[in-house]
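>>> all I have is the shape, not the residue letters:
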DNA sequence: AGTGTATCCTGCAGGC
DNA sequence: TGCCTGCAGGATACAC
């Protein structure tokens, strides 16, 4: 599910709800979402206070005092739902996996139907290493068209597969990879190294445009994704190719096609995105 | 190096 | 209604 825009929307909604709160205890309902032993997780989190809520790629980062960091990867169906005693009624949590209980009442629930998501509590140093391993933030200053072009030149992968690799660019998933390629007029199977400077510029622009527009719309809800307030995102109707196979392309009228490679569906318009 | 496949899990839509 | 298959915003490990 959640890609960068969904994670960003969750972070923004979570921040005012949990900033400054102190975690009294954790309740692990499904230990398989933990990337570390349950004991270590509980011990590291207990008694810590939330100093900040950030995003890195598709991950939600909760900074705690004492140099602790809770890193949440939402997987396909993960949600972070705050329920504060003095706040509005808590959104539905149908599949709670981990619950953080705050001093003075209220909680933050990591809910995940399929449990592909992960939760862990790291030290600042451990998290830094993990973050270094990831590619640049596509909406940040270190992501440039020139850098993208140079990075693409080193890979023989199909461009869509390349975009899904978090070590290359952080936060792009299958929906926005397909949308960005459509905006850039690049076929999803085109070899990364054959994307020329002009193509890299168009792709750079396409990635930024679609991610920013999706953030502005509060993300894309296909089924499970919800904001921290429990609301669905509003970007789905604006998707140009993802999930639209058989429909006419809004730009040129050609029929949008679906193909499968790399184990995932790819959607593209044969008219706007020719394969050389 | 890159690709296909399988794995983790649940739920839903569509065909019969 | 029930049963089956295929599919899903992710990530990783494995054999070629």
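Yes, it's here. Remember, it's a predicted structure, so these values are computed and weren't measured experimentally.

>>> OK, contacts around the residue in the stretch 101-250 of chain A that DNA strand C sits nearest to?
The shortest separation between the stretch 101-250 of chain A and DNA strand C is 2.2 Å, found at residue A:173 (distances taken as CB to the nearest atom of the strand). (C-beta placed from N, C-alpha, C; glycine too.) Contacts for residue A:173 (CB atoms under 8 Å, 6 or more residues apart in numbering) come out as A:2, A:3, A:4, A:58, A:164.

>>> from DNA strand B, how far off is it?
Computed with CB to the nearest atom of the strand, to the nearest Å, the distance linking residue A:173 and DNA strand B is 15 Å.

>>> let me know the pLDDT of that residue.
The per-residue pLDDT reported for residue A:173 equals 97.

>>> most neighbours among the contacts of residue A:173, which one?
Tallying neighbours with other CB atoms under 10 Å puts residue A:2 at the head of these, with 31 neighbours.

>>> how much space between the residue nearest to it when sequence neighbours are not counted and residue A:146?
Spatial nearest neighbour of residue A:2, excluding adjacent residues (CB to CB, 6 or more residues apart in numbering): residue A:74 at 4.3 Å. With distances defined as CB to CB, to the nearest Å, the gap from residue A:74 to residue A:146 amounts to 31 Å.

>>> which stretches of the stretch 1-150 of chain A have low pLDDT?
A:1, A:86-90 (pLDDT under 70).

>>> and it, which residues reach DNA strand C?
Taking CB under 7 Å from any atom of the strand as the measure of proximity, the stretch 1-150 of chain A contacts DNA strand C at A:1, A:2, A:3, A:6, A:57, A:58, A:73, A:75, A:76, A:114, A:116.

>>> any idea whether the last one is helix, strand or coil?
Which is residue A:116. When the structure is split into helix, strand and coil by DSSP: H, G, I helix; E, B strand; the rest coil, residue A:116 lands in coil.

>>> count of residues packed around it?
Neighbour tally, residue A:116, other CB under 10 Å: 15.

>>> skipping adjacent residues, who's closest to residue A:106 in space?
Among residues not flanking residue A:106 along the chain, residue A:84 sits closest, at 3.9 Å (CB to CB, 6+ apart).

>>> what's near enough to touch that neighbour?
Under the criterion of CB under 8 Å, 6+ apart, the contact list for residue A:84 reads A:17, A:90, A:102, A:105, A:106.

>>> longest helix in chain A, by number of residues?
Scanning chain A for the longest helix, with DSSP state H as the assignment, gives helix A:197-216.

>>> quick one: contacts of that one?
In this structure, residues lying in contact with helix A:197-216 by CB under 8 Å, 6+ apart are A:4-6, A:8-9, A:138-139, A:143-146, A:148-149, A:152, A:159, A:163, A:169, A:171-172, A:176, A:179-186, A:195, A:220, A:233, A:235, A:238.

>>> if we use 7 Å, what do you get?
Counting by CB atoms under 7 Å, 6 or more residues apart in numbering, helix A:197-216 makes contact with A:4-5, A:8-9, A:138-139, A:145, A:148-149, A:152, A:172, A:176, A:179-180, A:183-186, A:195, A:220, A:235, all of which sit outside it.

>>> buried sites along it?
A:199-204, A:206-208, A:210-211, A:214-215 (16 or more other CB atoms under 10 Å).

>>> so after it, what's the next helix or strand?
Proceeding C-terminally, helix A:197-216 gives way to strand A:257-261 as the next helix or strand, assigned by DSSP states H and E.

>>> as a whole number, average confidence for stretch A:194-210?
The pLDDT scores in stretch A:194-210 average 98.

>>> got the residues of chain A near DNA strand B?
A:32, A:94-95, A:113-116, A:154-158, A:161, A:223, A:261-263.

>>> what subset of these is buried?
Judged by neighbour count, with 16+ other CB under 10 Å as the criterion, the buried members of the residues of chain A next to DNA strand B are A:95, A:113, A:155, A:157, A:158, A:161.

>>> need phi/psi at residue A:125.
Taking degrees, to the nearest 10, you get phi -70, psi -40 for the backbone angles of residue A:125.

>>> not counting residues beside it along the chain, what's closest to the residue of the stretch 101-250 of chain A found nearest DNA strand B?
Minimum separation of the stretch 101-250 of chain A from DNA strand B (CB to the nearest atom of the strand) falls at residue A:114, amounting to 3.3 Å. Leaving aside its chain neighbours, residue A:114 sits nearest to residue A:77 (4.7 Å; criterion: CB to CB, 6+ apart).
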